[in-house]
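> build me a structure from this.
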Amino acid sequence: STFARGRLRTWFGLRQNAFALATDFAIRPPAEDDVGGLPWMLLRLGIETVTHHAQADEDRLAALDVRTLADYRTLLIRIYGFEVPVERAIWRTGGIGPSLLHGRSKVMKLRQDLEGLGLTANEIDELPLTRVNIRTTSQALGWLFVLERQTLLSGLIKRHLQHKLANLHFAYPSPYGEGP
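Presented below is the predicted three-dimensional model:
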């Protein structure tokens with residue numbers, strides 16, 4: 001697990017260096033072909049948030065420390081306490097179309113896994129939630145980027161959990177199917 005984390009840090013470090021080299025694009029929206037087809041706003045979000053990527057990735061890579069069902073339950077409770085209020089706040093802004101949000105919501109998958117780990121619906125509803133303040137559509141899109149970026153690690157995490165916690169169905173770790 002420590003070896004895998006080191007390799008992932010190296011890989012993410014290389015990606016961060018690529019973002020650092022692309023800072024020219026933060027000044028002006030590049031043409032699509034300037035960045036290999038990557039939409040300029042996603043590139044800009046990546047550049048503007050690069051200083052936070054390592055910590056965010058490290059937090060999510062904590063899933064590689066999961067060894068027991070209790071560990072996994074604790075991790076999901078922490079994730080639920082963050083992602084649920086962020087998703088709710090994004091919805092409340094009203095500036096993002098439902099068609100974009102419906103396919104990205106992970107709340108039901110989190111609830112499904114927590115119920116599978118023995119929590120009742122009432123217990124889940126009583127879990128502590130982080131306070132977030134998202135007022136504008138721009139802020140909502142930025143936070144959506146934060147939530148979506150976490151899916152980059154989802155396939156790796158799901159495979160680790162399947163190895164450590166065999167015979168358990170996982171809905172949350174890879175919400176869009178298998179990934180890297």
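
> all contacts plus neighbour counts: C-alpha atoms, from now on.
OK.

> run a quick neighbour tally on R131.
Counted with other Cα atoms under 10 Å, residues neighbouring R131 total 11.

> ok, D125 next?
Around D125 there are 11 other residues, counting by other Cα under 10 Å.

> go on, A56?
Each residue near A56 was counted by other Cα under 10 Å, and the total is 14.

> and it, what element?
Secondary structure assignment for A56, by DSSP states H and E: helix 40-61.

> which residues in that helix does the neighbour count mark as buried?
Of the residues in helix 40-61, those buried under the neighbour-count criterion (16 or more other Cα atoms under 10 Å) are 40, 43-44, 46-47, 50, 53, 57, 60-61.

> tell me how far that helix is from the chain's mean position?
For helix 40-61, the distance from its own C-alpha centre to the chain's C-alpha centre is 11 Å (Cα atoms, centre = their mean, to the nearest Å).

> for the chain, which residue is closest to the average position?
In the chain, the centroid-proximal residue (Cα atoms, centre = their mean) is Q150; its distance is 2.3 Å.

> quick one: residues contacting it.
Residues touching Q150, when contacts are defined by Cα atoms under 8 Å, 6 or more residues apart in numbering, comprise 57, 60.

> what ranges of this structure fall below the confidence cut-off?
1-38, 174-180 (pLDDT under 70).

> all helices of it, in order?
2-21, 40-61, 69-93, 98-102, 107-116, 121-125, 137-149, 154-164 (DSSP state H).

> buried residues in the fifth one?
When burial is assessed from 16+ other Cα under 10 Å, helix 107-116 yields the following buried residues: 107, 109-114.

> now flag whichever of the residues you listed is closest to I77.
Minimum distance to I77 across the buried residues of helix 107-116 is 7.7 Å, recorded for L114 (Cα to Cα).

> so the closest one makes contact with R73?
Yes - in terms of Cα atoms under 8 Å, L114 counts as a neighbour of R73; the distance is 6.7 Å.

> dihedrals phi and psi, T120?
The phi/psi pair for T120 (degrees, to the nearest 10) reads phi -80, psi 170.

> typo on my end, it should be H169
When quoted as degrees, to the nearest 10, the phi and psi of H169 stand at phi -80, psi 140.

> and if you look at G97?
Backbone geometry at G97, expressed as degrees, to the nearest 10, gives phi -60, psi 140.

> on that earlier part again, packing partners for the helix holding A56?
helix 2-21 (3 or more Cα pairs under 8 Å, 6 or more residues apart in numbering; DSSP states H and E).

> appreciated, that's everything.
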